[in-house]
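Peer 1: All I have is the shape, not the residue letters:
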């Protein structure tokens with residue numbers, strides 16, 4: 001009887017483990033990224049004020065394997081630019097994350113240094 005319970009427990013663990021798991025994947029790194037029109041002809045980005053290590057996220061929920069929308073890179077970049085009060089992200093790293101158990105969440109995250117170039121080219 002003990003052997004059957006142990007086998008049942010092991011099978012349940014193997015079935016439940018993927019259901020309560022999460023995942024994070026690095027999608028890539030970018031030298032500069034922006035969703036705004038920026039003219040960099042007369043701007044030295046290294047001399048502009050920067051907000052370091054700003055994190056922007058765009059997330060959407062999942063309900064019983066049904067995604068309720070999809071996160072976008074534009075949403076994550078816009079969130080980071082708003083938080084850092086700038087218009088360009090330097091040394092950006094883009095990451096996808098997800099978790100679920102009946103309900104869940106898919107997210108795209110961008111992290112980098114936000115630079116404000118507005119008014120610098122005058």
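Peer 2: Noted; the coordinates are in hand. Since we're looking at a predicted model, the values are computed, not measured.
Peer 1: give me the number of residues near residue 76?
Peer 2: Using other CB atoms under 10 Å, residue 76 is surrounded by 27 other residues. Quick note: C-beta positions are derived from backbone N, CA and C, even for glycine.
Peer 1: what sits against it?
Peer 2: Residue 76 makes contact with 56-58, 94, 108-110 under the criterion CB atoms under 8 Å, 6 or more residues apart in numbering.
Peer 1: how about the strands of the protein, start to end?
Peer 2: Here the chain has its strands, by DSSP state E, at 22-33, 50-63, 66-67, 88-101, 103-115.
Peer 1: angle of the last one against strand 88-101?
Peer 2: Which is strand 103-115. 170 degrees (axes from the mean of the first three to the mean of the last three CA atoms, to 10 degrees).
Peer 1: Hmm, residue 77 and residue 86 touching each other?
Peer 2: No - the pair residue 86 / residue 77 is not scored as a contact, 11.0 Å apart, by CB atoms under 8 Å.
Peer 1: nearest residue to residue 53 other than its sequence neighbours?
Peer 2: residue 111 (6.5 Å; CB to CB, 6 or more residues apart in numbering).
Peer 1: Just list the residues touching the one you found, thanks.
Peer 2: Residue 111 touches 53-56, 80, 92-93, 95, counting by CB under 8 Å, 6+ apart.
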